[in-house]
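Trainee: pasted the sequence and its predicted model underneath.
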Amino acid sequence: MDKIALIVGASGISGNNLARELLSNGWETYGITRSSDTLLPGLKNIKADLLDPSSLEVALKDVKPTHVFFTAWMRKDTEAENIKVNGALVRNLLQVLSPKKSVEHVALVTGLKHYLGPFEAYAQEGFLPETPVREEHPRLAIDNFYYTQEDEVFEAAERDGFTWSVHRSHTVIGKAVGNLMNMGTTLAVYASICKETGKPFTWPGSAAQWNGISDVTDARILAKQFVWAATTPEAKNEAFNIVNGDVFRWSWLWKQLAEYFGVEYQGYEENNSSLEEIMQGDEAVWKEIAAKYNLAESELSRLASPWHSDLDLGRPIEVMTDMSKSRKLGFTEYQDTRDSFFDLFDQLKKENIITA
């Protein structure tokens with residue numbers, strides 16, 4: 001039977017790369033977003049409000065997906081609001097699809113906040129797991145919208161008889177404009193500002209992150225694991241960590257990033273400023289840079305999310321991710337992290353988003 005994919009969030013980092021992977025493998029692929037089209041040859045765009053079931057019913061009237069991939073979420077001011085809204089995104093879509101009896105598999109991407117706690121208690125005392133983090137690590141005794149989304153998928157799977165997979169990524173590196181969690185582009189924009197102003201590329205995080213071992217998730221390898229789990233019987237009804245497969249220290253990688261942009265760097269210093277503090281007021285600077293070089297995007301807030309990068313770079317412990325579970329089941333894809341960043345930077349330059 002033909003595979004028909006429906007991607008929630010096809011315009012984002014994870015969803016866009018997944019769409020490319022599915023299309024390259026011959027899947028009929030739909031991308032659902034609230035308002036914008038995703039310009040990708042072969043992708044069928046659907047516009048609907050996932051918080052409005054009637055909107056979904058109309059938009060999906062003639063669509064019978066075999067596979068559903070959740071790659072989007074909405075950020076609210078409190079975790080209670082995150083739980084209410086992001087749980088509803090999953091629940092509403094699966095309820096609308098339920099009468100169609102077409103869904104065979106549902107995949108959900110979450111992240112290491114599963115182990116480190118939600119935004120309100122992120123990597124704080126009492127919520128620090130043993131590392132490397134492993135899938136069998138129990139849920140924390142605190143509300144977390146990732147847990148709610150998982151439970152919505154589990155409940156619908158029991159009701160409708162489809163299989164599921166959960167993909168817990170670390171920081172996702174890939175291109176997206178207007179994304180809430182976007183370290184790769186954020187650092188590229190920050191480095192571009194440093195280059196233009198002559199300021200050093202200054203480490204904004206903790207000593208533990210500067211000196212400790214870390215890893216990240218290339219959006220392309222996340223996409224490959226999505227497809228692998230959706231098509232491998234042994235991977236059904238399981239949660240998997242997903243990272244590149246290598247490890248690094250920021251004290252090494254920060255220098256590599258600085259060299260790529262041809263800027264001086266400054267490493268960890270006690271009582272250093274956060275990236276959000278460092279980039280405060282840079283909106284006007286970026287507008288000037290964008291005008292000078294005729295860049296495609298002049299709004300800094302559409303490109304950079306320093307608050308999110310600060311969450312990752314400021315953690316009080318080193319964080320690395322165990323990949324044994326999926327490796328044992330046959331997922332062997334690997335990605336060099338340095339290339340994840342450099343490939344992204346090359347793409348941003350090619351698309352005239354940052355300076356050459």
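Mentor: Alright, I've got the coordinates. Just so we're clear, the structure is a prediction, and the values are computed from it rather than from any experiment. Residues are numbered from 1 along each chain as shown.

Trainee: for residue 337, give its distance to residue 171.
Mentor: 10 Å (Cβ to Cβ, to the nearest Å). C-beta here means a position set from N, CA and C on the backbone, and glycine is covered the same way.

Trainee: can you list residues touching both of those two?
Mentor: residue 216 (Cβ atoms under 8 Å, 6 or more residues apart in numbering).

Trainee: need the next SSE after the helix or strand containing residue 14, C-terminal direction.
Mentor: Using DSSP states H and E, residue 14 falls within helix 13-24. Next along the chain after helix 13-24, taking DSSP H and E as the criterion, comes strand 28-33.

Trainee: now do that next one: which elements does it pack against?
Mentor: Packed against strand 28-33 by the contact rule (3 or more Cβ pairs under 8 Å, 6 or more residues apart in numbering; DSSP states H and E) you find strand 4-8, helix 13-24, strand 44-47.

Trainee: quick one: strands adjacent to it?
Mentor: strand 4-8 (parallel), strand 44-47 (parallel) (DSSP bridges).

Trainee: now that strand: mean pLDDT?
Mentor: For strand 28-33, mean pLDDT is 95.

Trainee: so what's residue 189 up against?
Mentor: 286, 300, 303, 304, 354.

Trainee: can you tell me how far it sits from residue 55?
Mentor: 34 Å.

Trainee: same check, this time on residue 176
Mentor: From residue 176 to residue 55 the distance is 24 Å (Cβ to Cβ).

Trainee: which one's more surrounded, those two?
Mentor: Neighbours per residue (other Cβ atoms under 10 Å) separate residue 176 from residue 55, with residue 176 holding more: 22 against 16.

Trainee: now do the contacts for that one.
Mentor: 11, 12, 13, 16, 182, 185.

Trainee: tell me where this structure has strands.
Mentor: With DSSP state E, the ranges of strands along the chain come out as 4-8, 28-33, 44-47, 67-70, 105-109, 163-169, 172-173, 201-202, 213-214, 217-218, 238-242, 248-249, 265-266.

Trainee: most packed of these?
Mentor: strand 217-218 (a mean of 30; mean count of other Cβ atoms under 10 Å).

Trainee: from what I can see residue 19 touches residue 43, true?
Mentor: Yes: contact criterion Cβ atoms under 8 Å: residue 19 and residue 43 qualify, at 5.2 Å.

Trainee: between these two, which is the more surrounded one?
Mentor: Neighbour totals were compared for residue 19 and residue 43, and residue 19 leads with 27 against 23 (other Cβ under 10 Å).

Trainee: turn the contacts of residue 176 into JSON lines, including neighbour count and pLDDT.
Mentor: Listed next are the contacts of residue 176 as JSON lines, based on neighbours: other Cβ atoms under 10 Å; pLDDT from 0 to 100:
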{"residue": "11", "neighbour count": "26", "pLDDT": "87"}
{"residue": "12", "neighbour count": "28", "pLDDT": "89"}
{"residue": "13", "neighbour count": "28", "pLDDT": "92"}
{"residue": "16", "neighbour count": "25", "pLDDT": "93"}
{"residue": "182", "neighbour count": "27", "pLDDT": "88"}
{"residue": "185", "neighbour count": "27", "pLDDT": "95"}
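
Trainee: residue 48: which of these is nearest?
Mentor: residue 11 (13.4 Å; Cβ to Cβ).

Trainee: how close does that closest one get to residue 17?
Mentor: With Cβ to Cβ as the criterion, residue 11 and residue 17 are 11 Å apart.

Trainee: local confidence estimate at the nearest residue to residue 207 once chain neighbours are set aside?
Mentor: Spatial nearest neighbour of residue 207, chain neighbours left out: residue 268 (5.4 Å); criterion: Cβ to Cβ, 6 or more residues apart in numbering. Looking at residue 268, its pLDDT is 98.

Trainee: next, the contact list for residue 268, please.
Mentor: Applying Cβ under 8 Å, 6+ apart, the residues contacting residue 268 are 203, 205, 206, 207, 210, 211, 251.

Trainee: what is the neighbour count of the closest residue to residue 151 other than its chain neighbours?
Mentor: Closest residue to residue 151 in three dimensions, ignoring its sequence neighbours and counting by Cβ to Cβ, 6+ apart: residue 87, at 7.9 Å. The local packing count at residue 87 equals 17, with neighbours defined by other Cβ under 10 Å.

Trainee: repeat that for the one 3 residues further on.
Mentor: Using other Cβ under 10 Å, the number of residues around residue 90 comes to 25.

Trainee: again, but for residue 349
Mentor: 14.

Trainee: just checking, it touches residue 342?
Mentor: No: using Cβ under 8 Å, residue 349 is not in contact with residue 342, being 10.6 Å away.

Trainee: contact partners for the closest residue in space to residue 165 that isn't next to it in sequence?
Mentor: Counting by Cβ to Cβ, 6+ apart, residue 165 lies nearest to residue 229, which is 3.9 Å off, once chain neighbours are set aside. Residues in contact with residue 229 (Cβ under 8 Å, 6+ apart) are 107, 165, 167, 235, 236, 238, 240, 326, 331.

Trainee: for the last one, what are its contacts?
Mentor: Residues in contact with residue 331 (Cβ under 8 Å, 6+ apart) are 224, 225, 228, 229, 232, 235, 240.
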